[in-house]
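Trainee: sequence plus the predicted model coming up.
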Amino acid sequence: MIKIENLSKEFNANHGKVKALDNINLELNNGDIFGIIGMSGAGKSTLLRCITLLERPDSGSIYIGDNDILKLNEKELRSARGKMGVVFQNYNLLMQETVAKNVAFPMEIAGRPKNEIKQRVAELLDLVQIGDKASFYPAQLSGGQRQRVAIARALATEPEALLCDEPTSALDVLTTKQVLSLLKEINEKLNTTIIIITHEMSAVKAICNKVAVINDGSFVEMGHTKEVFANPKSSITKMLLGEDFRM
Amino acid sequence: MEAFFNVYGSLLLYSTLETLYMTIVATFFSYLFGVPLGVALSITKKGGIASSPTFNSIAGWVVNVVRSVPFIILMVFVIPFTRLVTGTSIGPNAGNVPLIIAATPFVARIVEQSLEEVDRGLIEAAKCMGATNFQIITKVMLKESRPSLIRGLSISAITILSYSAITGTVGAGGLGDMAIRFGYQQYIDSVMYSTVILLIIIVVLIQWLCNLWAFKADKRNRN
Ligand SMILES: Nc1ncnc2c1ncn2[C@@H]1O[C@H](COP(=O)(O)OP(=O)(O)O)[C@@H](O)[C@H]1O
Ligand SMILES: [Mg+2]
């Protein structure tokens, strides 16, 4: 359902060009939880920003369903975006709006009828287990609760895929576990395809059925999580697995 | 004291109301024009949602030029335009015309500054959800910066108040006018002091009300 072909992206930095993504290829099936792991600066966020078209790649194609989203016009792109929900490391919630209003936001934008929105907000908040916090403001919530709101919001328009950029990196160990199991639950209940970008091996091990290891803008390894981790080939994967962690 | 109020009391009250009227009307119209201009300045910046360096530098230049003309000169300079709009060049309404012209670019900058404080990540999140630029402006930028916009309003209103006193020098009415006519031209110190005290009270009130409002409006304060 998501297919990426030969994706490349370069940035002009003050010390010259940075090749943030170098010929990335990727294919996801419905229902996958796909982990993309790499160290800081590897190009993970850039990849996600390209898929959400916050950043225009220099070359390549990104298929969501049958459409290459790079070929859509503004209006088509806006409706295509409803098929993807995005979850960010720092939540990116509207701080001046209530939890319910935050979750309603993507539906309001899409012009859904008011009573439908109201009902769906309640359902979503129950799904992420914060049904009692509807009238709270984000400032009144813990990090884990805020990320639950963000996940509910990302699911509001019934997306086919959920894209998460370091969704647990700002959270403590226990909260991380809870948020990850929530993602897993969503994947099973709603059959939502999930991409999780992270630098934490434990997150990938916990819930991803497939994984790609990214380094310097390219995938150095990709496959089923169990196989990749049972038999790591690249030094980066070994290092991320902690085998090479000697000083 | 009683004699003073018998002579000047009603005039002071009338002038105070005139000053309040000018400040409120001029603030209203400078926001009516200044908010769209401030939004335009903000979104056309490099990295903004409607980035346009050409528009941004032209609009920025116009704003800077108007802001750098001393108000007293601007006031005289726009008299023909004032006559065209209000049919006269004296009185509170006539005074409001240069006031609004001078305050609009000021307000635009204040609004622009408030909008700068809105988290870029939030705007990107809205984009990911398929928001149009108009939705991003109204539902994200202006909404999220509300407390800051309210604090900016107090700065603008107080500046406009002090400018409105300057329009008094050309007979626009209000406390400034009264201070000039009685205090400065007729050496009646008590009138001068009274107008100053009244102006200070208005300033303090504006500041206090806006601070309270901004605090109440800011949902980040709820703990
Ligand atoms: N807007 C940008 N301008 C210049 N360089 C950038 C920009 N965004 C990312 N980069 C560079 O691209 C590389 C990959 O960054 P990023 O995708 O953020 O890495 P990660 O998320 O894996 O930590 C880094 O070297 C980073 O400095
Ligand atoms: Mg990153």
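Mentor: Yep, it's here. Ligands and ions are numbered 1, 2, ... in the order given.
Trainee: contacts, neighbours, all on C-alpha from now
Mentor: OK.
Trainee: B:T88 reaches B:A94, doesn't it?
Mentor: Yes: using CA atoms under 8 Å, B:T88 makes contact with B:A94 at a distance of 6.3 Å.
Trainee: list the residues that contact the residue in chain A that chain B sits nearest to.
Mentor: Going by CA to the nearest CA, chain B is nearest to A:R78 of chain A, at 4.2 Å. By CA atoms under 8 Å, 6 or more residues apart in numbering or on different chains, the contact list for A:R78 reads B:129-132.
Trainee: so for B:T88 and B:A94, which sits in the more crowded spot?
Mentor: Per other CA atoms under 10 Å in any protein chain shown, whichever of B:T88 and B:A94 has more neighbours is B:A94, with 26 against 15.
Trainee: buried sites along the top helix by length along chain A?
Mentor: In chain A, taking DSSP state H as the definition, the longest helix is helix A:173-190. Neighbour-count burial for helix A:173-190 flags A:175-177, A:179-180, A:182-187 (criterion: 16 or more other CA atoms under 10 Å in any protein chain shown).
Trainee: that helix - what's its average pLDDT?
Mentor: Averaging pLDDT along helix A:173-190 yields 95.
Trainee: and the residue of chain B nearest chain A?
Mentor: B:G130 (4.2 Å).
Trainee: which residues does that residue contact?
Mentor: So, once contact is read as CA under 8 Å, 6+ apart, B:G130 ends up touching A:77-82, A:106, A:109-110.
Trainee: which outside residues touch stretch A:54-72?
Mentor: A:1-10, A:23, A:46, A:49-51, A:53, A:77, A:80, B:124, B:127-128.
Trainee: quick revisit: just to be sure, the residue of chain B closest to chain A is in a helix?
Mentor: No: the assignment for B:G130 (DSSP: H, G, I helix; E, B strand; the rest coil) gives coil, which keeps it out of a helix.
Trainee: which stretches of the chain have low pLDDT?
Mentor: All of this is about chain A. Within chain A, the set of residues satisfying pLDDT under 70 comprises A:243-247.
Trainee: think we crossed wires, I meant chain B
Mentor: B:222-223.
Trainee: spell out which residues are contacts of both of B:T88 and B:A94.
Mentor: With CA under 8 Å, 6+ apart as the test, B:T88 and B:A94 both reach B:T82.
Trainee: what's the neighbour count on B:S10?
Mentor: Count around B:S10 with other CA under 10 Å applied: 11.
Trainee: how about the contacts made by the residue nearest in space to the middle of chain B?
Mentor: The residue lying closest to the centre of chain B (CA atoms, centre = their mean) is B:S156, at 3.7 Å. B:S156 makes contact with B:27, B:103, B:106-107, B:110, according to CA under 8 Å, 6+ apart.
Trainee: can you give me the helices in the chain?
Mentor: Defaulting to chain A. Under DSSP H, chain A gives helices at A:44-51, A:74-80, A:99-109, A:114-127, A:143-155, A:173-190, A:201-207, A:225-230, A:235-240.
Trainee: wait, I meant chain B there
Mentor: All helices of chain B, identified by DSSP H, fall at B:2-43, B:53-68, B:71-77, B:79-86, B:92-116, B:120-128, B:133-135, B:142-144, B:146-167, B:174-178, B:189-217.
Trainee: relative to A:N30, which of these is closest?
Mentor: helix B:120-128 (20.9 Å; CA to CA).
Trainee: could you tell me the angle between the closest one and helix A:143-155?
Mentor: With axes from the mean of the first three to the mean of the last three CA atoms, to 10 degrees as the basis, helix B:120-128 and helix A:143-155 are set at 30 degrees to each other.
Trainee: helix B:120-128 near ligand 1 at all?
Mentor: No: against ligand 1, helix B:120-128 shows no contacts by CA under 6 Å from any ligand atom, the least distance being 12.7 Å.
Trainee: that helix and chain A, any residue contact?
Mentor: Yes: on the criterion CA under 8 Å from any CA of the partner chain, helix B:120-128 is in touch with chain A at B:121-122, B:124-128.
Trainee: buried residues in that helix?
Mentor: Using 16+ other CA under 10 Å as the burial criterion, the residues of helix B:120-128 that qualify are B:122-128.
Trainee: how about the residues of chain A near chain B?
Mentor: Going by CA under 8 Å from any CA, the residues of chain A near chain B are A:52-54, A:77-82, A:84-86, A:92-97, A:106, A:109-110, A:137-140.
Trainee: could you pull up phi and psi at the closest residue to ligand 1 within chain B?
Mentor: As assessed by CA to the nearest ligand atom, ligand 1 sits closest to B:G47 within chain B, at 10.2 Å. In terms of degrees, to the nearest 10, the main-chain angles of B:G47 are phi 90, psi -10.
Trainee: how deep is it tucked in, by neighbour count?
Mentor: Quick note: B:G47 (other CA under 10 Å) scores 12 neighbours.
Trainee: just the one 3 residues further on next, same as before
Mentor: By the measure other CA under 10 Å, the count of residues near B:A50 is 14.
Trainee: show the contacting residues for it.
Mentor: So B:A50 contacts B:43-44, B:133 (CA under 8 Å, 6+ apart).
Trainee: next one: it from B:V35, what distance?
Mentor: As judged by CA to CA, to the nearest Å, B:A50 and B:V35 stand 16 Å apart.
Trainee: A:Q140 too?
Mentor: The value you get for A:Q140 to B:V35, if CA to CA is used, is 30 Å.
Trainee: list the residues that contact the residue nearest to B:G48 when sequence neighbours are not counted.
Mentor: Nearest residue to B:G48, sequence neighbours excluded (CA to CA, 6 or more residues apart in numbering or on different chains): B:S42, at 6.8 Å. For B:S42, the contacting residues are B:48, B:112, B:115-116, by CA under 8 Å, 6+ apart.
Trainee: who wins on neighbours among those?
Mentor: Result: B:L115 is most packed of those (other CA under 10 Å), 25 neighbours.
Trainee: returning to what we had before: make JSON lines from the helices of chain A and add distance to B:V69 to it.
Mentor: Shown next, in JSON lines, are the helices of chain A (distance: least, CA to CA, whole Å):
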{"stretch": "helix A:44-51", "distance to B:V69": "45"}
{"stretch": "helix A:74-80", "distance to B:V69": "42"}
{"stretch": "helix A:99-109", "distance to B:V69": "43"}
{"stretch": "helix A:114-127", "distance to B:V69": "50"}
{"stretch": "helix A:143-155", "distance to B:V69": "48"}
{"stretch": "helix A:173-190", "distance to B:V69": "58"}
{"stretch": "helix A:201-207", "distance to B:V69": "60"}
{"stretch": "helix A:225-230", "distance to B:V69": "68"}
{"stretch": "helix A:235-240", "distance to B:V69": "62"}
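Trainee: just put those helices in JSON lines and tack on distance to ligand 1.
Mentor: Supplementary listing: these in JSON lines, determined by distance: least, CA to the nearest ligand atom, whole Å:
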{"stretch": "helix A:44-51", "distance to ligand 1": "4"}
{"stretch": "helix A:74-80", "distance to ligand 1": "21"}
{"stretch": "helix A:99-109", "distance to ligand 1": "25"}
{"stretch": "helix A:114-127", "distance to ligand 1": "29"}
{"stretch": "helix A:143-155", "distance to ligand 1": "19"}
{"stretch": "helix A:173-190", "distance to ligand 1": "19"}
{"stretch": "helix A:201-207", "distance to ligand 1": "14"}
{"stretch": "helix A:225-230", "distance to ligand 1": "19"}
{"stretch": "helix A:235-240", "distance to ligand 1": "13"}
